[in-house]
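S.K.: generate coordinates for the sequence data below:
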Amino acid sequence: MARRKKKEIIGIIKENRFPNKSIMEVDNKKYIFKGGIKGQEVKIVAQRKKREHIEGRFLELISKSEIEKRIPCPPFGVCGGCAYQTLEYEDELKLKKEMLEKLYSNIYNKEIIINPSPSSTAYRNKMEYSFGDKEKGGELTLGMHSKGRFYEICETDKCNIVNGDYEIIRKAVQNYFRENKTLFYKKRNHEGYLRHLIVRYSFSENEYMVNLVTTSQEELNKKEFIELLLSLKLDGKVKTIIHTSNDSLSDAVVPEKVDILFGDGYITEKLLELEFQISPFSFFQPNPKAAEVLYSKALEFSGDINNRTVFDLYSGTGTIGQIFSQKAKKVIGIEIVEEAVEKAKETCKLNNISNAEFIAGDVLEKIEELKDQADIIVLDPPRDGIHPKAIKKIINIKPEKFVYISCNPVTQVRDLEIFLKNGYKLEKLELVDQFPRTVHVEAVTLLTK
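M.R.: Reported below is the predicted structural model:
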């Protein structure tokens, strides 16, 4: 029996919903799909019928929106990295603000302020490139995954969310392995050598960490690889070079064996006068200048904390906790990733901080063991938000204030509704655009008893 061809629909996007959904109405039917910008004429294919709308899949752009006035970077449209390269930055902020005001409208009826990133170009301090090919059997390519493709890789020529040194490093590494005819790791049959190249940058020191991720199926010519990177003419300098072996089947970077080839294995970044050592796999905010705006806002929302005890839950490498420790009486951080906690303790020593302590463990369990009473709790959970079992325990601590920072406003709204039902009021809410040109935004809120 022949399969029925799915219906293709052409229409104009009426509105966008955070983070990356478009709404279109054609013949009195409502279609919702991923991608697109309001005002664009697009072709989609209908997929699943829901009660109030039909889910679709974006097929092609027919004509641009009148708000698209900017010439994008060369890989735009093929590269799966950015969504808003065709918008002037002011228009991107307006669009994000509009979407987020709708998202928060049931719990917050004031105007929402969106704080721009101090820079909308060359703002990122980390890129994770993948090795592969542009098309099956094509030449070795190092870059980003092509939009909507699991296997295909596109080059990131003239990428404008990082500085020009990234492209010099990426191309040099790509060409080196092309010339050596080295094979990339194929996910289907688990054969091949090259997996990823991770480049991290310190804005304060103008230094790079280059981390090559491979399988253990071949040997790296370490001397040649070091010489290649150190010979590059960069504005900054390569401070450390790392080789990570990863034979896991998943596409994620799993550091099974980490070999420091050159330098001391970390770079240092300054944030609000504090120094942070960034190791190959520790989390650090990708846009440090915007992170300073975000953390300053969180500190401002917390008010006078001079004689106050602060709990920093989901504390990561302790960045927020250490910033709060400069004004608070005491800070206690809890984080599930042990390496991040070790890094937080090291950084406390580096910054001569004695009134902050960090505990490794699950927030759900560890908050019950704390003897101190929190005056203020700072929350910065992962993208999934606060675990449903943990949220009640956190609320039961009953601090005067919660400062809730989120990298995913959708899960934050869900969590905030629970705080509001349990005796807290949403006093303040501001957005910080940490990731210009992409669909992501950070939100910081103040909840008071």
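S.K.: for the residue nearest the centre of the chain, which residues are in contact?
M.R.: The centroid of the chain falls nearest to residue 286 when counting by Cα atoms, centre = their mean (6.7 Å). Residues in contact with residue 286 (Cβ atoms under 8 Å, 6 or more residues apart in numbering) are 124, 125, 126, 434, 435. The way it works is simple: take the backbone N, C-alpha and C, and place the C-beta from them, glycine included.
S.K.: contacts only, for the third one.
M.R.: Counting by Cβ under 8 Å, 6+ apart, residue 126 touches 198, 199, 200, 201, 284, 286.
S.K.: just to revisit the earlier point, going by distance to residue 38, which of the contacts of residue 286 wins?
M.R.: Comparing the contacts of residue 286 against residue 38 with Cβ to Cβ places residue 435 closest, at 19.6 Å.
S.K.: excluding its backbone neighbours, what's nearest that closest one?
M.R.: residue 287 (6.7 Å; Cβ to Cβ, 6 or more residues apart in numbering).
S.K.: what is the neighbour count of that neighbour?
M.R.: 24 (other Cβ atoms under 10 Å).
S.K.: OK, contacts around it?
M.R.: For residue 287, counting by Cβ under 8 Å, 6+ apart, the contacting residues are 117, 123, 124, 125, 434, 435.
S.K.: out of those, who's nearest residue 37?
M.R.: Out of those, the member with the shortest distance to residue 37 (by Cβ to Cβ) is residue 435, at 16.4 Å.
S.K.: in terms of helices and strands, where is the closest one?
M.R.: In the assignment (DSSP states H and E), residue 435 maps to no helix and no strand.
S.K.: that one: how many residues sit nearby?
M.R.: 22.
S.K.: use 12 as the first number for this chain going forward.
M.R.: Got it, first residue is 12 now, which makes that one residue 446.
S.K.: my understanding was that it contacts residue 452; is that so?
M.R.: Yes: Residue 446 lies in contact with residue 452 (Cβ atoms under 8 Å); the separation is 7.2 Å.
S.K.: which parts of the stretch 312-460 of the chain are strands?
M.R.: 320-324, 341-346, 367-371, 387-390, 412-417, 436-443, 453-459 (DSSP state E, counting those that start in this stretch).
S.K.: quick one: those as JSON lines, columns for mean neighbour count, distance to residue 161 and mean pLDDT too.
M.R.: Shown next, in JSON lines, are the strands of the stretch 312-460 of the chain (neighbours: other Cβ atoms under 10 Å; distance: least, Cβ to Cβ, whole Å; pLDDT from 0 to 100):
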{"stretch": "strand 320-324", "mean neighbour count": "26", "distance to residue 161": "35", "mean pLDDT": "97"}
{"stretch": "strand 341-346", "mean neighbour count": "25", "distance to residue 161": "31", "mean pLDDT": "96"}
{"stretch": "strand 367-371", "mean neighbour count": "20", "distance to residue 161": "34", "mean pLDDT": "96"}
{"stretch": "strand 387-390", "mean neighbour count": "26", "distance to residue 161": "34", "mean pLDDT": "97"}
{"stretch": "strand 412-417", "mean neighbour count": "24", "distance to residue 161": "28", "mean pLDDT": "98"}
{"stretch": "strand 436-443", "mean neighbour count": "19", "distance to residue 161": "32", "mean pLDDT": "98"}
{"stretch": "strand 453-459", "mean neighbour count": "23", "distance to residue 161": "28", "mean pLDDT": "98"}
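S.K.: nearest to residue 356 among those strands would be which one?
M.R.: strand 367-371 (5.9 Å).
S.K.: and the contacts of the closest one?
M.R.: In contact with strand 367-371 (Cβ under 8 Å, 6+ apart) are residues 326, 329, 332-333, 335-336, 341-349, 352, 355-356, 359, 377.
S.K.: report the buried residues of stretch 277-290.
M.R.: 277, 278, 279, 280, 282, 285, 287, 288, 289, 290 (16 or more other Cβ atoms under 10 Å).
S.K.: okay, and which of the residues you listed map to strands?
M.R.: 278, 279, 280, 282, 285, 287, 288, 289 (DSSP state E).
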